[in-house]
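[1] return atomic coordinates for the entry below.
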Amino acid sequence: QGFPDYIASRAQRKIPVPHDPVLYRQRHRIEIMFGRLKDWRRIATRYDRCAHTFFSAICIAAAVIFWL
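    The predicted structure follows:
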């Protein structure tokens with residue numbers, strides 16, 4: 001049908017699209033993490049000039065988000 005098999009279909013759909021619930025759960029967790037990282041202004045606007053400094057900021061933000 002052209003749809004990836006890891007995105008769940010709506011409950012009202014007459015013919016449900018098959019999906020893998022484990023992959024869907026993992027994808028959802030990653031999407032949530034990116035949404036939370038975008039809440040950090042420094043990461044969302046990327047003020048850092050060096051790639052390693054930017055990656056360090058992402059790691060610190062992810063650790064703080066995971067901790068809370």
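
[2] what's the worst-scoring helix or strand of the chain on mean pLDDT packed up against?
    Confidence across the helices and strands of the chain bottoms out at helix 41-45, with a mean of 74, counting by mean pLDDT, DSSP states H and E. Here helix 41-45 touches helix 21-38, helix 51-67, going by 3 or more C-beta pairs under 8 Å, 6 or more residues apart in numbering; DSSP states H and E. Heads up, the C-betas are built off the backbone N, CA and C, glycines and all.

[3] make it 6 Å
    helix 51-67 (3 or more C-beta pairs under 6 Å, 6 or more residues apart in numbering; DSSP states H and E).

[4] so what pLDDT did the residue lying farthest from the centre of the chain get?
    The C-alpha centroid of the chain is most remote from residue 14, which lies 28.7 Å away (C-alpha atoms, centre = their mean). Residue 14 carries a pLDDT value of 81.

[5] let's verify it: helix, strand, or coil?
    coil (DSSP: H, G, I helix; E, B strand; the rest coil).

[6] excluding chain neighbours, what is closest to residue 16?
    Closest residue to residue 16 apart from its sequence neighbours, by C-beta to C-beta, 6 or more residues apart in numbering: residue 9 at 4.9 Å.

[7] try residue 54
    Closest to residue 54 by C-beta to C-beta, 6+ apart is residue 48, at 4.2 Å.
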